[in-house]
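> Sharing a sequence plus its predicted fold:
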Amino acid sequence: MYQALWKGFRFGALLQAAVGPVCLFIFQTAASSGFLAGEAAVLGVTLADSLYIAAAILGIGTLIEQRPSAKNIFKYLGAAVIVLFGASSILSACGINIIPGFGMPGRGNADSAFLKALFLTLSSPLTIVFWAGIFSAKAANDGMKGRDLFNFGLGAILSTIVFMSIAAIAGTLTGNFLPSSVVVVLNIAVGLALIFIGIKTAFRN
């Protein structure tokens, strides 16, 4: 049990080393709105990852993999959502909200942060295909079955909680020490980074 859990945690830590749009969003949320909002965003990410890992274990990823047209739809949809969140971040820094109910959360507004993180993470359904491949490899190469696969996935989820919480702490410390004008610039910079990642996702083979 613990061996599979540890392997999952280490694999999840490796994934977290590559800073992506979700990590940037959590850092930005904590810097702008405080630690509570940042941790609410972490919970949203964790829930979405848990759903995707469960779907991969159940074999849904294999069905998507067999339908190239579905993969393309999911890819472009996910890219569009990431670009939309990036644009929202830039405009909300200027006081303009283009996503009703999902503007940059006010300090301590955990509900908004949770929902934004949940939808941002769910914007990449092909994550199911990725996890399906990982679990297939673990079953074939490492002989993992049922409970071991579950524990491996649980370890990966725990890794998400730990490392995304670190991003939230870093964002909180940054927000506490930086003047509000610099935080606004930070929001714009993160928004531009999200737009770049979204465009890159759309054109990635």
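Noted; the coordinates are in hand.

> looking at this protein, which helix or strand does the model trust least?
helix 60-65 (a mean of 61; mean pLDDT, DSSP states H and E).

> Please go through the protein and pick out the longest helix.
helix 146-177 (DSSP state H).

> Buried ones in that one, by neighbour count?
Residues of helix 146-177 classed as buried: 148-161, 163-165, 167-168, 170-172, 174-175 (neighbour count, 16 or more other CB atoms under 10 Å). From N, CA and C alone the C-beta is placed, and that goes for glycine too.

> Can you show me the helices along the chain?
Secondary structure of the chain, counting by DSSP H: helices at 2-16, 21-33, 35-58, 60-65, 68-93, 110-122, 127-141, 146-177, 180-203.

> Distance from the longest one to the middle of the chain?
So that's helix 146-177. Helix 146-177 has its C-alpha centroid displaced from the chain centroid by 10 Å (CA atoms, centre = their mean, to the nearest Å).

> Which neighbouring elements make contact with it?
helix 2-16, helix 21-33, helix 35-58, helix 127-141, helix 180-203 (3 or more CB pairs under 8 Å, 6 or more residues apart in numbering; DSSP states H and E).

> still on that earlier bit, winner for burial among the helices of the chain?
helix 21-33 (a mean of 27; mean count of other CB atoms under 10 Å).

> any idea of the angle it forms with helix 35-58?
Interaxial angle of helix 21-33 relative to helix 35-58 (axes from the mean of the first three to the mean of the last three CA atoms, to 10 degrees): 160 degrees.

> give the contact list for the closest residue to residue 190 other than its chain neighbours.
With sequence-adjacent residues excluded and distances taken as CB to CB, 6 or more residues apart in numbering, residue 190 is closest to residue 28, at 4.4 Å. Neighbouring residues of residue 28 by CB atoms under 8 Å, 6 or more residues apart in numbering: 89, 171, 186, 187, 190.

> May I see those residues organised as JSON lines, with distance to residue 11 and pLDDT added?
What follows is the contacts of residue 28, written out as JSON lines (distance: CB to CB, whole Å; pLDDT from 0 to 100):
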{"residue": "89", "distance to residue 11": "30", "pLDDT": "73"}
{"residue": "171", "distance to residue 11": "25", "pLDDT": "89"}
{"residue": "186", "distance to residue 11": "30", "pLDDT": "73"}
{"residue": "187", "distance to residue 11": "32", "pLDDT": "74"}
{"residue": "190", "distance to residue 11": "26", "pLDDT": "76"}
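
> which two in those residues are spaced the farthest apart?
89 and 171 (13.3 Å; CB to CB).

> List the residues that contact the most centrally placed residue in the chain.
Geometric centre of the chain, nearest residue: residue 22, 3.6 Å, by CA atoms, centre = their mean. By CB under 8 Å, 6+ apart, the contact set of residue 22 is 45, 117, 120, 121, 164.

> how far away is the closest residue to the fourth one other than its chain neighbours from residue 5?
Just to be clear, that refers to residue 121. Setting aside the residues directly before and after it, residue 121 is nearest to residue 48 in space (CB to CB, 6+ apart), at 3.5 Å. Here the distance between residue 48 and residue 5 works out to 21 Å (CB to CB, to the nearest Å).

> Likewise for residue 127?
As judged by CB to CB, residue 127 and residue 5 stand 21 Å apart.
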